[in-house]
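S.K.: Just the structure for this:
(2 chains)
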2 protein chains.
Amino acid sequence: MNIAILFGGSSFEHEISIVSAITLKKVLKNSNLSFIFINANREFYLIDSKNMKSNHFSDGAYLKDKKLILKQRAFYTEGIFGLKEQNLGTVLNLIHGRDGEDGKIASLLEFNGISYISPRVDASVLSYNKLYTKLYAESLGVKVVPYSVLNSSDSRDIELEYPVIIKPVRLGSSIGVSIVKSVNDLDYALDTAFEFDSQVLIEPFIDGVLEYNQAGSKTSEFELSIVEEPNKEEFLDFEKKYLDFSRDGKVEDAQISTQLKSDIQDAFKKIYATIFEGSIIRCDFFVVDGEVLLNEINPIPGSMANYLFEDFEGMVKRLVNHLPKESDIKIDYSYIHSIQSAKGGKNQ
Amino acid sequence: MNIAILFGGSSFEHEISIVSAITLKKVLKNSNLSFIFINANREFYLIDSKNMKSNHFSDGAYLKDKKLILKQRAFYTEGIFGLKEQNLGTVLNLIHGRDGEDGKIASLLEFNGISYISPRVDASVLSYNKLYTKLYAESLGVKVVPYSVLNSSDSRDIELEYPVIIKPVRLGSSIGVSIVKSVNDLDYALDTAFEFDSQVLIEPFIDGVLEYNQAGSKTSEFELSIVEEPNKEEFLDFEKKYLDFSRDGKVEDAQISTQLKSDIQDAFKKIYATIFEGSIIRCDFFVVDGEVLLNEINPIPGSMANYLFEDFEGMVKRLVNHLPKESDIKIDYSYIHSIQSAKGGKNQ
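M.R.: Below is the predicted model:
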């Protein structure tokens, strides 16, 4: 199986994407891997497997690697005799945050006819924006954590029951997120969030809420991971998440009732089908009064949540053979021809 | 003003995009125009202005024009001495339907740092899909035409009050759309719609509904077009829309009350701000019992709805100077550096 791991990107999570890629190199042991790095200037580099160490990027040593150009059907290296096609196989989009999760990378790959594992552009846009995620989930009958929306231009004269959690509608990895325990801390938290986005979500912060993560994919059928009961800290700050993204050890299946597990899996399947086909995602759920609420969708989870799957590499292989295909659009110029003949062949 | 009109694309509306581009060549009289054509295989060609005639494309004569490659900050021509940068100015995305309206072109241009007029990727995804349009509008308090959703896998055993209109959730220009007057015609209409999409909308078909179109943009402030009362036929079939896309004559402002006009404009502004910044869009509204309902958003209207504006070329010029700017993300590898120093410089 030829897999090209695409990582980096112009994203606040650029560095954790490097960590994710290094982790997946260890996890996908039996695959023929290539590594495509996107630097901060959004240039593509083909990285030799032996150079997949974090300092190769932080020191700028990657700049000596071959640059790639993306064209129809393939990546190319630029050389003195022109462009040379590289056959790198299916791209696995491992860019967290901007570029990777917001639909841009999916668009680039789709437009250029490159086979790829990633949420497609529409699934990306809906999951990258926490407000759209809620609208999408609600339209499917999946319950969400209650919320209100505030725009940067709105009055902050709002009545809230504290504690609340403030989140920029976009961005992942807890960037710009604050827990606000009283009105005194509200302004600072909103200022922080509005630094990253012009729209924020305000949600009740539910102390000690039951939280469960479900990852999965759809190949010939749904392939769901174990249900994970994540770290119980208030929420992971950036540095802890960073370490979390390098996980490759296995975790335990959560000790929950068959009913709850089935409710979580049903909610996951509703969210996934059909717009997330072609991707491996993780949905994070809260359980409140026995009810499963979607908290958020991780369209490109850290190290692809590999540690939650029994046979991650096998699933990737099966997914490569079940990627959605773009429909063909035949362009035969029949309308232009008919208009031209109606005009007696007049050039126009 | 340097404007590069981008047209064609892998879209059912490829041919009407050519018509739109030829029309805009006539309309943007005082601008320095370039023309970038995307053919059915998604290859870019730089078209000489004198070749902007429909048969240049339908006959395949464009294949002799210069091919372009899109890289960071510019388009390039490929020559015997390597790639040569072309300075084409701000791109105006005039690709109707797939590629142009679904977020792919916006993504390509944004990723490559090209200045462009078009809905951005999120606005594209929300307006390309008629279901997401409704969710988005409802979240803003803009009323929509009532609807239900049917998936291709769902049972068709549904109770409806006829007539209804059936629409694939994606695609524009009435493709796959049918008016169904009785249960006998339902299956055929659904089969037709499901040929184009796995999800369809079913809406009441309101005979003789009042319909008004409002186009606009935001430069230093909102610039709204006149309110158009469009053609009263049941709906425009593809061929009629085709001709409609070549319009460049002026139309009359609709004869409506000040109140209704202001309601339409308010709804337009709510929809537009802030995610449509950088674009010129047209919103199509129905008025039922005095209430303004959003019917759909045209993210790339035919010939940019130029005929609805008093000073279309001036607005384009002002918009070029008010395009949204992507935020800078500084990548300083501080996390990788701190982890490396914690590990005593171990390479990993």
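S.K.: who are the neighbours in contact with residue A:82?
M.R.: By CB atoms under 8 Å, 6 or more residues apart in numbering or on different chains, the contact list for residue A:82 reads residue B:78. Backbone N, C-alpha and C define where each C-beta goes, glycine included.
S.K.: For it, give me phi and psi.
M.R.: Per-residue torsions, residue A:82: phi 100, psi -160 (degrees, to the nearest 10).
S.K.: For it, list each beta-bridge partner.
M.R.: Note on residue A:82: beta-bridge partners residue A:79, judged by DSSP bridges.
S.K.: any idea how far residue A:71 is from it?
M.R.: As judged by CB to CB, to the nearest Å, residue A:82 and residue A:71 stand 12 Å apart.
S.K.: Kindly report the same for residue A:187.
M.R.: In terms of CB to CB, residue A:187 sits 49 Å off from residue A:71.
S.K.: between those two, which one's more packed in?
M.R.: Comparing residue A:187 with residue A:71 by other CB atoms under 10 Å in any protein chain shown, the one with more neighbours is residue A:71, at 20 against 11.
S.K.: That one bridge partners, please.
M.R.: Under the criterion used (DSSP bridges), residue A:71 bridges to residue A:74.
S.K.: which ones are touching it?
M.R.: Residue A:71 touches A:83, A:112, B:69, counting by CB under 8 Å, 6+ apart.
S.K.: Ok, residue A:215 next?
M.R.: Contacts of residue A:215 by CB under 8 Å, 6+ apart are A:224, A:225, A:228, A:280, A:281, A:282, A:283, A:301, A:305, A:308, A:309.
S.K.: Where strands are concerned, which of the residues you listed count?
M.R.: Members of the contacts of residue A:215 lying in strands (criterion: DSSP state E): A:224, A:225, A:228, A:281, A:282, A:283.
S.K.: Could you export the residues you listed as a markdown table, including neighbour count and pLDDT?
M.R.: Output for the ones in strands among the contacts of residue A:215, formatted as a markdown table (neighbours: other CB atoms under 10 Å in any protein chain shown; pLDDT from 0 to 100):
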| residue | neighbour count | pLDDT |
| --- | --- | --- |
| A:224 | 19 | 98 |
| A:225 | 24 | 98 |
| A:228 | 20 | 95 |
| A:281 | 23 | 98 |
| A:282 | 22 | 97 |
| A:283 | 29 | 97 |
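S.K.: Of those, which is the nearest to chain B?
M.R.: residue A:281 (16.8 Å; CB to the nearest CB).
S.K.: Now do the contacts for the closest one.
M.R.: Contacts of residue A:281 by CB under 8 Å, 6+ apart are A:119, A:127, A:215, A:216, A:217, A:272, A:297, A:298, A:299, A:300, A:301.
S.K.: Among the ones in strands among the contacts of residue A:215, which pair sits farthest apart?
M.R.: Farthest pair in these (CB to CB) is A:228 and A:281. Separation: 13.6 Å.
S.K.: before we move on, the earlier item: strands - which of the contacts of residue A:281 land there?
M.R.: Those of the contacts of residue A:281 lying in strands (DSSP E): A:215, A:216, A:217, A:297, A:298.
S.K.: nearest to chain B, of these?
M.R.: residue A:297 (14.7 Å).
S.K.: residues in contact with the nearest residue in space to that closest one that is not next to it in sequence?
M.R.: Closest residue to residue A:297 apart from its sequence neighbours, by CB to CB, 6 or more residues apart in numbering or on different chains: residue A:127 at 4.0 Å. Contact analysis of residue A:127 by CB under 8 Å, 6+ apart lists A:101, A:119, A:133, A:281, A:296, A:297, A:298, A:299.
S.K.: Could you do residue A:93 as well?
M.R.: Listed by CB under 8 Å, 6+ apart, the contact partners of residue A:93 are A:6, A:100, A:105, A:106, A:109, A:116, A:117, A:118, A:300.
S.K.: gap between it and chain B?
M.R.: Going from residue A:93 to chain B by CB to the nearest CB, to the nearest Å gives 13 Å.
S.K.: same thing with residue A:161?
M.R.: 22 Å.
S.K.: any idea which helix or strand carries that residue?
M.R.: Using DSSP states H and E, residue A:161 sits within no helix or strand.
S.K.: is it true that residue A:212 touches residue A:288?
M.R.: No: using CB atoms under 8 Å as the test, residue A:212 is too far from residue A:288 to be in contact (11.8 Å).
S.K.: These two - which one has more neighbours?
M.R.: Neighbour totals were compared for residue A:212 and residue A:288, and residue A:212 leads with 21 against 15 (other CB under 10 Å).
S.K.: Would you agree the more buried one falls within a strand?
M.R.: Yes: with DSSP: H, G, I helix; E, B strand; the rest coil as the criterion, residue A:212 is part of a strand.
S.K.: Pairing partners for it in the sheet, please.
M.R.: Here residue A:212, judged by DSSP bridges, has bridge partners residue A:285.
S.K.: For the stretch 1-150 of chain A, just list every one of the helices.
M.R.: Along the stretch 1-150 of chain A, counting by DSSP state H, counting those that start in this stretch, helices occupy A:14-27, A:54-58, A:104-111, A:121-128, A:130-139.
S.K.: Point out the most buried one among the ones you listed.
M.R.: Across the helices of the stretch 1-150 of chain A, the average number of neighbours (mean count of other CB atoms under 10 Å in any protein chain shown) peaks for helix A:121-128, which reaches a mean of 28.
S.K.: how far off helix A:104-111 does that helix point, in degrees?
M.R.: Per axes from the mean of the first three to the mean of the last three CA atoms, to 10 degrees, the angle that helix A:121-128 makes with helix A:104-111 is 170 degrees.
S.K.: now helix A:121-128 against helix A:130-139, angle please.
M.R.: Using the same axes, to 10 degrees: helix A:121-128 against helix A:130-139 is 110 degrees.
S.K.: so how far is helix A:121-128 from its chain's centroid?
M.R.: 8 Å (CA atoms, centre = their mean, to the nearest Å).
S.K.: go on, stretch A:90-109?
M.R.: Taking mean C-alpha positions (CA atoms, centre = their mean), stretch A:90-109 and its chain are 7 Å apart.
S.K.: Likewise for stretch A:272-289?
M.R.: Centroid separation for stretch A:272-289 versus its chain: 11 Å, with CA atoms, centre = their mean.
S.K.: How about residue A:269, nearest residue that isn't a chain neighbour?
M.R.: Per CB to CB, 6+ apart, closest to residue A:269 is residue A:222, 6.0 Å.
S.K.: Oops, could you answer that again for residue A:270 instead?
M.R.: Distance criterion CB to CB, 6+ apart; nearest residue to residue A:270, sequence neighbours excluded, is residue A:140 at 4.8 Å.
S.K.: Which residue does the stretch 101-250 of chain A have closest to chain B?
M.R.: For the stretch 101-250 of chain A, CB to the nearest CB, closest residue to chain B: residue A:107, 3.3 Å.
S.K.: can you tell me which residues contact that residue?
M.R.: Here residue A:107 is in contact with A:121, B:103, B:104, B:106, B:107, B:108, B:111, B:121 (CB under 8 Å, 6+ apart).
S.K.: just curious, which of those residues is nearest to residue A:204?
M.R.: residue B:121 (30.8 Å).
S.K.: Could you pull up the residues touching that closest one?
M.R.: A:102, A:103, A:104, A:107, A:121, A:125, B:103, B:106, B:107, B:110.
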